[in-house]
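Enquirer: turn this into a model:
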Amino acid sequence: MDKYFEYLHTVGFEETNLVGNVYYVNYLRWQGRCREMFLKERAPDVLADVRDDLKLFTLRVDCEFFAEITAFDELSIRMRLVELAQTQLEFSFDYVKLDRDGGETLVARGRQRIACMRGPNTRTAPARVPEALVTALAPYTSARRT
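Expert: Okay, here's the model as predicted:
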């Protein structure tokens, strides 16, 4: 199986409803958090570029559920690069519940499409995916280049 970038997370009470199930929006938040931690740990030059004028716009996001999770479940959110285009990227995310005995259960799977843009907020234009990001993502790819 191909490599993935992993973000570990413990589900908290604030992420659940009265029944104890995780709110849908948290799965989407965890995708964003995983992507942020990837940039922090593996592509700090891209973060500096984001502070300048690079913008990473989320164009599309989805999540499909296979099993429920509740407070204090331990999760591994595993990100892979699925597609690399000139100005866009697409990631997949596997949400894996980690059991105390070392077992794993796939509880959800998601995707996220990102566009790179540059310029002031009122006049942004599509921009090439930064080479530093392409390089940082290389170990985590099952991607096709388009």
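Enquirer: can you list contacts of the longest helix along the chain?
Expert: Taking DSSP state H as the assignment, the helix of the chain that covers the most residues is helix 24-42. Contacting residues not belonging to helix 24-42 are listed as 5, 7, 9, 11, 15, 46-47, 50, 58, 61, 63, 65, 75, 77, 79, 91, 93, 95, 108, 110, 112, 114, 136 [C-beta atoms under 8 Å, 6 or more residues apart in numbering]. Every C-beta, even on glycine, is put in place using the N, C-alpha and C of the backbone.
Enquirer: then stretch 63-70?
Expert: With C-beta under 8 Å, 6+ apart as the test, stretch 63-70 has contacts from 11, 16, 20-22, 24, 27-28, 31, 75, 93, 95, 97, 105-110.
Enquirer: what is the end-to-end distance of it?
Expert: 17 Å (C-alpha to C-alpha, to the nearest Å).
Enquirer: what does the average pLDDT come to for that stretch?
Expert: On average, the pLDDT along stretch 63-70 is 96.
Enquirer: no further queries at this time; thank you.
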